[in-house]
Structures are given as structure tokens and as C-alpha cells.
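**Student:** Pasting a predicted model and its sequence here:
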Amino acid sequence: MAATIVMGIVNVTPDSFSDGGRYLDPAAAIAHGRELLAAGADLLDVGGESTRPGAVAVTSEEEKQRVLPVIEALAGDGARVSVDTSKADVAAAALAAGAGIVNDVTALGDPEMAAVCAGARCGLVLMHMKGTPRTMQDAPTYEDVVAEVREFLAGRLEVAAAAGVDPERVWVDPGIGFGKTVEHNLELIARIDRIADLGRPVVVGASRKNFLGAITGREVGERLGGSIAVALAAVAGGASVLRVHDVAATVDALRVADAIIGRRTPLVGADR
Ligand code: HH2
């Protein structure tokens, strides 16, 4: 657990599902990113387009205007930054501004994206989504959600490698909430080991998402307990990266879990 990477969310959007509009002003987004770093984030994920169900698409120009000043400032501070975008030209500009990772929720849906990432030798997150943000929650169905997500990610890993992206720089993500029912999300978290056995670090982004509200009856701002429960279950199952809004609480939870597991390990050894 010690090596879990905590990716703090910096949404520079008017309409993100949990914090839309709070950090649309670049100065507010930069200050928020700095707070997340102080709280223990290893990496900041800066996004300028909401992907929530039914969200309105934005142009490349608008997206760049939102994210570039924020990335420049945070990377300038020495922070590791990922850019949450599915547009190759936004990714290229963000990489030039100091981002080191492209977090692509469409897993190379833009035909130019792989070449941009191969050329920049940056990190790349490939995420599974069924449908598009506009349609993805219209009764998604799978025969076997874990097998289908795994197969999709395996295929996208091949596409990335064929385009010259170094496989060692790629992380995979089952896309919690992206074209999935509550049951699908739970199944994916419970069997995250099946995604981890693709051999690449697994990212899980479940922070404050709707399925937590469906289970607990809590509104979006009151889902910290549920978010932490998913984080620990995911890490216990083999996830390596947690994309979260509540960095301080997540870091504390990981520290305590580490301390417990650290105690257990020598006892297991002593049994032999
Ligand atoms: N979830 C969201 C956005 N980007 N990227 C990855 N790799 N994994 C995720 O689960 C993921 C993601 C949606 O959450 P958020 O950014 O809080 O909201 P919005 O899309 O409304 O901006």
C-alpha cells in the first residue's frame, strides 16, 4: 500500500458534478492545487471539461484557456501534473506547459492522441467508458463487466504500443461511473485484481460518485466515508493510483492501512 499514488482533482470547469464552478478562475484553481499538494497529493489532475453524465462539450480553445495557466503555475511549482483531456491538441499544449501525463477518459478516442503521447514520451492513462458522456448512463449493459472492461483495456494497450507509446508509461482505469450501473461499479471494484493482472498500474476514480450516493443516501458533498471505503478496497485489490477530491483524508486512510499491513507482514513471515 505504501506506494499508492494519490492524484488530487483540480477541475477548472463550471459544471463538474461535485465542485463545478468553484475553481473556474485560474487563481482559485492554482490555490486549490497547492492546497492538495500540501495535503499530500503526489500528482494533480487538471481538467477543463466536465465528463459527468449529460455534460456539454467545450472547444479546444476554451479548454486550453482554462487549463494552461493552471498547469503552468502548478508545474512551475515543481508539482507532477496530469491533464484530464481527450483532445490531442489540448494534450500537446498541456505537455508543453509542463504536464507529464495525459489522462484520457476516451482511451485514445482522438486519432492524434497516441502520436502526441509517443512523441512527448509522457505518461498516459487509458480509461474505459461505454458510450459517450451524453449517453453513457442510459441503461448500460454487459454480459460480464469485468471481462469486457479488461478486454477493452488490453486492446487499447496494444493500440498505444503500436503507435509507439512506451508500455511502461501507461496506466489503466476501469472508468468507475462511465457507462456503469451501481452493480457494475461494485463488481469492478471487487474484482480490480482482474484489471491489475494486465500488468499495468491501475487508477481508480470513485471519489464522491453517484453510486456512493445510491448506496448511502448521501448527497455529493457527504460521500467522503464511501469514497474512502472504495479507496481502501481498491488498493487492497491491487489498485495503485487513487483519483480523489479529498486528498488529506485519503492520505490518512492509506497511512493507517499501511501501518496495519506493515504489522501483519512480519507475523505472517514468523509463522513459517
Ligand atoms: N472521473 C472523472 C473525470 N476524469 N479520469 C480517470 N482516469 N478516471 C476517472 O474515474 C475519472 C476521470 C469524473 O469526475 P470529476 O472530474 O470529479 O467530474 P467531472 O467529470 O464532472 O469534471
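**Tutor:** Yep, it's here.

**Student:** and this protein, which of its residues are near the ligand?
**Tutor:** Counting by CB under 6 Å from any ligand atom, the chain comes close to the ligand at 9, 11, 13, 16-18, 47, 50-52, 84, 103, 105, 125, 127, 173, 175-176, 203, 205, 243. Where C-beta positions appear, they are placed from N, C-alpha and C, glycine not excepted.

**Student:** can you do 5 Å?
**Tutor:** Proximity of the chain to the ligand (CB under 5 Å from any ligand atom) is limited to residues 11, 16-17, 50-52, 84, 103, 125, 127, 173, 205.

**Student:** Adding secondary structure and pLDDT, write those out as CSV.
**Tutor:** Shown next, in CSV, are these (DSSP: H, G, I helix; E, B strand; the rest coil; pLDDT from 0 to 100):
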residue, secondary structure, pLDDT
Asn11, strand, 96
Ser16, coil, 88
Phe17, coil, 87
Ser50, coil, 93
Thr51, coil, 89
Arg52, coil, 84
Asp84, strand, 98
Asn103, strand, 98
Val125, strand, 98
Met127, strand, 98
Asp173, strand, 98
Gly205, coil, 98
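
**Student:** Export these as JSON lines, with columns for distance to Ala234 and neighbour count.
**Tutor:** Output for the residues of the chain next to the ligand, formatted as JSON lines (distance: CB to CB, whole Å; neighbours: other CB atoms under 10 Å):
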{"residue": "Asn11", "distance to Ala234": "21", "neighbour count": "26"}
{"residue": "Ser16", "distance to Ala234": "21", "neighbour count": "21"}
{"residue": "Phe17", "distance to Ala234": "20", "neighbour count": "18"}
{"residue": "Ser50", "distance to Ala234": "23", "neighbour count": "20"}
{"residue": "Thr51", "distance to Ala234": "20", "neighbour count": "22"}
{"residue": "Arg52", "distance to Ala234": "21", "neighbour count": "17"}
{"residue": "Asp84", "distance to Ala234": "19", "neighbour count": "32"}
{"residue": "Asn103", "distance to Ala234": "17", "neighbour count": "26"}
{"residue": "Val125", "distance to Ala234": "15", "neighbour count": "24"}
{"residue": "Met127", "distance to Ala234": "14", "neighbour count": "26"}
{"residue": "Asp173", "distance to Ala234": "11", "neighbour count": "27"}
{"residue": "Gly205", "distance to Ala234": "10", "neighbour count": "27"}
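
**Student:** Pick out the most distant pair among the residues you listed.
**Tutor:** Phe17 and Val125 (19.1 Å; CB to CB).

**Student:** quick one: the residue in the chain that the ligand sits nearest to and Gly78, what's the gap?
**Tutor:** Residue nearest to the ligand within the chain (CB to the nearest ligand atom): Gly205, separated by 2.3 Å. For Gly205, the distance to Gly78 equals 24 Å [CB to CB, to the nearest Å].

**Student:** same deal with Glu183?
**Tutor:** 42 Å.

**Student:** and these two? which has more neighbours close in?
**Tutor:** Under the neighbour definition other CB atoms under 10 Å, Glu183 and Gly78 were set side by side, and Glu183 has more, 11 against 8.

**Student:** Tell me the confidence at that one?
**Tutor:** pLDDT for Glu183: 97.
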